[in-house]
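A.B. asks: Here is a sequence together with a model predicted from it:
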Amino acid sequence: MAWLRVVDALKAPVGSSVTVKGWLRTRRDSKAEGGLSFLSVHDGTCFDAIQAVAKADLPNYAGEVAKLTTHCSVEVDGTIVQNPKGGNEIQATAVRVMGVVDDPDHYPIQPKPHSFEYLREHQHLRVRTNTFGAVARMRHCLSMAVHRFFHERGFYYVHTPIITGSDCEGAGQMFRVSTLDMVNCPRVRPEGAKPDAPVPPGAPVDFGQDFFGKETHLTVSGQLNVETYCCALSRVYTFGPTFRAENSNTSRHLAEFWMIEPEIAFANLHDDSVLAEEFIKYLIRTSLAERADDMKFFDERIEKGLLQRLTHVLETPFVRVSYTEAIRVLEKAIAGGRKFEYPVKWGTDLQSEHERFLTEEHYKGPVILMNYPKQIKAFYMRCNDPGTDGFGGSAPGDTVAAMDVLVPGVGEIIGGSQREERLDRLDARITEMGLPIKEYWWYRDLRRYGTVPHAGFGLGFERAMMFITGMQNVRDVIPFPRVPKLAEF
RNA sequence: UCCCCGAUAGCUCAAUGGUAGAGCGAGCGGCUGUUAACCGCUAGGUUCAAGGUUCGAGUCCUUGUCGGGGAGCCA
């Protein structure tokens, strides 16, 4: 009697003897044929459960089988037969109960719809539901697709560090990594103070005594590190956890999330945008091909029309417009009577409502906004010729070769840029932004020793998950979300 | 962090300032090759916490905690 996964048992030939092991979704009873129970058994290997039919002549029927409740664990032996309404089911010859559910009335997951808010409080159990099982399989599917996409195109996977000593990434608040005693942390002795004099409590913390001999944090981006590998291996990417200590309370932000950051040498912003578009389309294609069962569920129960939306994205070339042009579009919309809460002005960052308007209402599909004003973008982004919009037109100010990919429903899913490869321009930007240039010594070395044009982007993995599954809260597409005031599991 | 909304049975929600209810789920029984099953009965409550107003607070006020939506920060 072969132990089959449910996904295989559902495809096994009629007449085969099988064993399945899993958890009960539901039990339904009938008094027909002297009494029988229908056990819906799933093991997470696919969306569907398999139905096992247990008759009353099983020795443990009245004592165990007829008392099974949702998520009891069982081993079922039996024969594959055809269900009268189609599909495989198991005619059980034995049902072994491995674990019962204690106090079923208070078991958090009941055979009925639960709100996602409620399930978020039971993260250790929610993966047993249809929705979170499907999310988990999608997460695996997309993770593998990420690696396959890059591997097939000659990219090398680089493990950039989680702990970073550079305090200069400028991508937001960071989590401190330290082994110092937080209660009595060592402080720097004021210059000229006697060696045995007590150090004043307000003196700066002496990070020289910390584990790494300097101040360290959890990474907010692997980009600066991965650029070093790009400038030797040509095409590289990272895919790892990323940490932001921002007090963000939204459906799109996590304190710990996974980010994919490819970096390509001998490439400009256009090449970067082509890569981004191919990448997103590859993820969609893979999801539809490999997880049709889960995607059908998302389409029916999570977002009506999801499959149509994704198919449309697959078939439509992404629109590429300059930031300068996007401002003109928004100004025209305002002149036409469209109301926005925030004003639109060249030189300021677009608000969420503006981005949503562009991707959801005006272009009705993914949009790549390119060449932003340099004053609102990071120091490492390549400067365009002064006063140009990067598309051969003029702009009211200076721009840099940055891009944001906006998609309906999620908003910004990718942020990227061509990097400034000219040392003099890079230094000028670091200086004018008041950043500590000494800290960037190794990053600047890349421009001193055989510099090349290169570009890259960052894709928030959870945002890609939301885009592809239709799930509306980022906390529901990662197994154990970390957000302000929540790290229970 | 800011703005708005919310917290009542295991879950989802009702309840003019005056005896706390329903549906689902659970338990028991009936019916049935059932599959969002159906019918009947039963059990199940410190109404988020602490104060306050009132003869009387689930309901009104204050503070806090947690949750949701939106904004900012961004991916």
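C.D. replies: On my side now, so go ahead.
A.B. asks: count of neighbours near the residue in chain A positioned nearest to RNA strand B?
C.D. replies: Proximity of chain A to RNA strand B (C-beta to the nearest atom of the strand) peaks at A:A32, 2.2 Å away. For the C-beta atoms, the positions are set from N, CA and C on the backbone; glycine is no exception. Using other C-beta atoms under 10 Å, A:A32 has 7 neighbouring residues.
A.B. asks: so the residue lying farthest from the centre of chain A, which of the three states?
C.D. replies: Distance from the C-alpha centroid of chain A peaks at A:K194, with 53.5 Å (C-alpha atoms, centre = their mean). Local secondary structure at A:K194 is given as coil here, using DSSP: H, G, I helix; E, B strand; the rest coil.
A.B. asks: Next, count neighbours for A:P241.
C.D. replies: As a burial measure, A:P241 scores 14 neighbours (other C-beta under 10 Å).
A.B. asks: helix/strand/coil for it?
C.D. replies: strand.
A.B. asks: List the contacts of it.
C.D. replies: Contacts here follow C-beta atoms under 8 Å, 6 or more residues apart in numbering; on that basis A:P241 touches A:162, A:256-259.
A.B. asks: Buried ones among those?
C.D. replies: Those of the contacts of A:P241 that meet the buried threshold are A:256-259, by 16 or more other C-beta atoms under 10 Å.
A.B. asks: where do the helices sit along the stretch 51-200 of chain A?
C.D. replies: Assigned by DSSP state H, counting those that start in this stretch, the stretch 51-200 of chain A shows helices spanning A:116-120, A:130-152.
A.B. asks: what does the stretch 251-400 of chain A give?
C.D. replies: Taking DSSP H, counting those that start in this stretch to define them, one finds helices in the stretch 251-400 of chain A at A:269-290, A:292-297, A:306-315, A:323-335, A:352-356.
A.B. asks: you'd agree A:G397 is up against A:G347?
C.D. replies: Yes. Contact criterion C-beta atoms under 8 Å: A:G397 and A:G347 qualify, at 5.8 Å.
A.B. asks: Next, find the distance separating the residue of chain A closest to RNA strand B from A:K55.
C.D. replies: Using C-beta to C-beta, to the nearest Å, A:A32 is found at 10 Å from A:K55.
A.B. asks: How about A:D206?
C.D. replies: On the measure of C-beta to C-beta, A:D206 and A:K55 end up 75 Å apart.
A.B. asks: A:E278 now?
C.D. replies: Per C-beta to C-beta, A:E278 is found 55 Å from A:K55.
A.B. asks: and those two? which has more neighbours close in?
C.D. replies: Under the neighbour definition other C-beta under 10 Å, A:E278 and A:K55 were set side by side, and A:K55 has more, 16 against 13.
A.B. asks: so the more buried one makes contact with A:G35?
C.D. replies: Yes. Between A:K55 and A:G35 there is a contact at 7.1 Å, judged by C-beta under 8 Å.
A.B. asks: Now for those two: what residues contact both?
C.D. replies: A:Y61.
A.B. asks: need the contact list for A:I280.
C.D. replies: Applying C-beta under 8 Å, 6+ apart to A:I280 gives the contacts A:313, A:366, A:405, A:407, A:413-414, A:464, A:467.
A.B. asks: correction: A:P113
C.D. replies: Applying C-beta under 8 Å, 6+ apart, no residues contact A:P113.
A.B. asks: ditto for A:L459
C.D. replies: Neighbour list for A:L459: A:259-261, A:276, A:279, A:413-414 [criterion: C-beta under 8 Å, 6+ apart].
A.B. asks: doesn't it fall inside a helix?
C.D. replies: No. Applying three-state DSSP, one finds A:L459 to be strand, outside a helix.
A.B. asks: how close does it sit to A:I413?
C.D. replies: Taking C-beta to C-beta, one finds A:L459 at 7 Å from A:I413.
A.B. asks: sorry, back to before: pLDDT score for the residue of chain A closest to RNA strand B?
C.D. replies: Looking at A:A32, its pLDDT is 83.
A.B. asks: for A:D181, same thing?
C.D. replies: A:D181 is assigned a pLDDT of 90 by the prediction.
A.B. asks: What is the burial count for it?
C.D. replies: Residues near A:D181, counting by other C-beta under 10 Å, number 9.
A.B. asks: Then A:N371?
C.D. replies: A:N371 has 28 nearby residues by other C-beta under 10 Å.
A.B. asks: What of the one 3 residues further on?
C.D. replies: Each residue near A:K374 was counted by other C-beta under 10 Å, and the total is 23.
A.B. asks: so it makes contact with A:T399?
C.D. replies: Yes. Using C-beta under 8 Å, A:K374 is in contact with A:T399, at 6.0 Å.
A.B. asks: what sits in contact with each of those two?
C.D. replies: Common neighbours of A:K374 and A:T399, using C-beta under 8 Å, 6+ apart, are A:C383.
A.B. asks: Test my guess that A:M259 contacts A:E462.
C.D. replies: No. Judged on C-beta under 8 Å, A:M259 makes no contact with A:E462 at a distance of 9.1 Å.
A.B. asks: Low-confidence stretches in the stretch 101-250 of chain A?
C.D. replies: Along the stretch 101-250 of chain A, segments meeting pLDDT under 70 span A:167-171.
A.B. asks: Around RNA strand B, pick out the residues from it.
C.D. replies: Within the stretch 101-250 of chain A, the positions near RNA strand B by C-beta under 7 Å from any atom of the strand are A:104-106, A:108, A:110-112, A:114-115, A:117-118, A:120, A:171-172, A:221, A:244, A:246-250.
A.B. asks: let's see 6 Å
C.D. replies: Contact residues (C-beta under 6 Å from any atom of the strand) of the stretch 101-250 of chain A with RNA strand B: A:104-106, A:108, A:110-112, A:114-115, A:117-118, A:120, A:171-172, A:244, A:246-250.
A.B. asks: before we move on, what about the stretch 301-450 of chain A?
C.D. replies: Those residues of the stretch 301-450 of chain A that sit near RNA strand B, judged by C-beta under 6 Å from any atom of the strand, are A:349, A:351-353, A:411-415.
A.B. asks: thinking again about what came up before, would you list the helices of the stretch 251-400 of chain A in JSON lines and tack on mean pLDDT and distance to A:R126?
C.D. replies: As requested, the helices of the stretch 251-400 of chain A are exported to JSON lines (pLDDT from 0 to 100; distance: least, C-beta to C-beta, whole Å):
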{"stretch": "helix A:269-290", "mean pLDDT": "97", "distance to A:R126": "21"}
{"stretch": "helix A:292-297", "mean pLDDT": "94", "distance to A:R126": "15"}
{"stretch": "helix A:306-315", "mean pLDDT": "93", "distance to A:R126": "21"}
{"stretch": "helix A:323-335", "mean pLDDT": "95", "distance to A:R126": "39"}
{"stretch": "helix A:352-356", "mean pLDDT": "92", "distance to A:R126": "28"}
